[in-house]
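>>> Build me a model from this:
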Amino acid sequence: MLMTTRPEIDAMLLSVSPRFTFAPLQAREKYLIGALIVLALAALLAPALPASAWHTPHFVDTRTWLGVPNAGDVLSNLLFLAMAIWGLVRLRARGDGPVGARWFFIGLILTCVGSCFYHLDPDAPERLVADRLGMAVAFAGFLGIATGERISVRAGQAVVVLVTVAGLLAAWVAYENLTPWVVVQFGGMALAVALALTRPLPGALGVPLGSVIFFYVLAKLFELGDATIFEATGHLVSGHTLKHLAAALAAWPVIRALRPTDSVPSPR
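Numbers count the residues shown, from 1 in each chain. The predicted model follows:
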């Protein structure tokens with residue numbers, strides 16, 4: 001019978017255990033878990049909001065240009081595509097980047113496609129699902145960046161997966177119950193604001209979250225002032241068109257942080 005001594009057993013356990021153990025949760029990770037649980041409970045238990053409860057304003061600029069209906073609201077989405085390509089090029093040139101950055105830029109591409117599809121015929125409610133699906137992916141990427149830079153890399157990775165799944169499900173059921181989508185969008189942004197108020201981790205890229213949030217809020221204001229802006233500019237541009245441009249510019253702070261590696265000061 002083969003006998004194994006205690007020191008040999010301890011050595012085997014030490015060699016195997018790192019594969020099955022996890023580092024203890026940090027304080028910030030515990031707070032994050034608590035916040036995510038609260039948001040999940042709100043999405044599941046809060047009263048359902050029917051689609052009719054979410055007032056969808058009539059898009060005021062319905063002009064056709066070069067055969068494209070609703071041209072302002074459709075073609076303004078191309079800025080999402082331009083910013084996504086720029087970001088992916090910079091990300092590839094660096095060879096590294098914050099957690100969620102690649103997912104964020106892919107989400108912008110999907111947002112461009114989905115929003116163009118929707119605004120070509122916004123009277124078809126089923127098209128709104130495609131618009132929201134792209135937004136959900138981009139939003140998950142942004143929250144992954146914020147979490148990875150302010151809490152931990154593993155927390156950022158988990159948030160990308162969780163918010164992507166939650167956002168896609170919320171977008172899918174929004175035609176019957178808007179509550180999960182409202183929680184994902186506004187609850188997620190509240191989480192981003194909280195993260196923006198904390199210091200980046202040592203060695204983090206330092207994406208200015210406040211700047212991203214600023215463009216997001218600006219886009220919402222443009223959306224609310226669709227008709228007002230259209231009249232104020234003498235029918236030059238609508239608020240919803242400006243909403244798309246402002247939302248796309250929210251990628252600029254992320255792209256700017258992804259400056260070439262040789263211009264990044266080495267950490268001390």
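>>> got the contact list for the strand or helix carrying residue 90?
Using DSSP states H and E, residue 90 sits in helix 78-94. Contacts to helix 78-94, defined as C-beta atoms under 8 Å, 6 or more residues apart in numbering, come from residues 97, 101-102, 104-106, 108-109, 111-112, 115, 244-245, 247-249, 251-252, 254-255, 258-261. All C-beta atoms are positioned from the backbone trio N, CA, C, and that covers glycine.
>>> Can you give me the buried ones in the next helix or strand after it?
Next helix or strand after helix 78-94 toward the C-terminus (DSSP H and E): helix 101-120. The neighbour-count check on helix 101-120 (16 or more other C-beta atoms under 10 Å) flags 101-119 as buried.
>>> Helix 101-120 packs against which elements?
Judged by 3 or more C-beta pairs under 8 Å, 6 or more residues apart in numbering; DSSP states H and E, the packing partners of helix 101-120 are helix 71-75, helix 78-94, helix 127-150.
>>> out of these, which comes closest to residue 169?
Among these, the nearest to residue 169 by C-beta to C-beta is helix 127-150 (8.8 Å).
>>> Now do the helix or strand just after the closest one against helix 101-120, angle only.
Using DSSP H and E, the helix or strand that follows helix 127-150 in sequence is helix 153-173. Counting by axes from the mean of the first three to the mean of the last three C-alpha atoms, to 10 degrees, helix 153-173 lies at 20 degrees to helix 101-120.
>>> For helix 153-173, give me every contacting residue.
Looking at helix 153-173 with C-beta under 8 Å, 6+ apart, the contacting residues turn out to be 28-29, 32, 36, 40, 43, 98-100, 103, 129, 132-133, 135-137, 139-141, 143-149, 180-181, 183-184, 188.
>>> among those, which ones are buried?
For these, buried by 16+ other C-beta under 10 Å: 28-29, 32, 36, 43, 98-100, 103, 129, 132-133, 135-137, 139-141, 143-149, 180-181, 183-184, 188.
>>> May I see the helices and strands packed on helix 101-120 organised as CSV, with mean pLDDT added?
Output for the helices and strands packed on helix 101-120, formatted as CSV (pLDDT from 0 to 100):
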stretch, mean pLDDT
helix 71-75, 95
helix 78-94, 95
helix 127-150, 93
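>>> mind putting these in CSV, distance to residue 63 included?
Formatted as CSV, these follow (distance: least, C-beta to C-beta, whole Å):
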stretch, distance to residue 63
helix 71-75, 6
helix 78-94, 17
helix 127-150, 19
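>>> So which of the ones you listed is nearest residue 233?
helix 71-75 (11.1 Å).
>>> How far off centre is the closest one?
Chain-centre distance of helix 71-75: 22 Å, with C-alpha atoms, centre = their mean, to the nearest Å.
>>> Next one: the spatially most central residue of the chain from residue 78, what distance?
By C-alpha atoms, centre = their mean, the mean C-alpha position of the chain lies nearest to residue 139, the distance being 1.3 Å. The span separating residue 139 from residue 78 equals 20 Å under the rule C-beta to C-beta, to the nearest Å.
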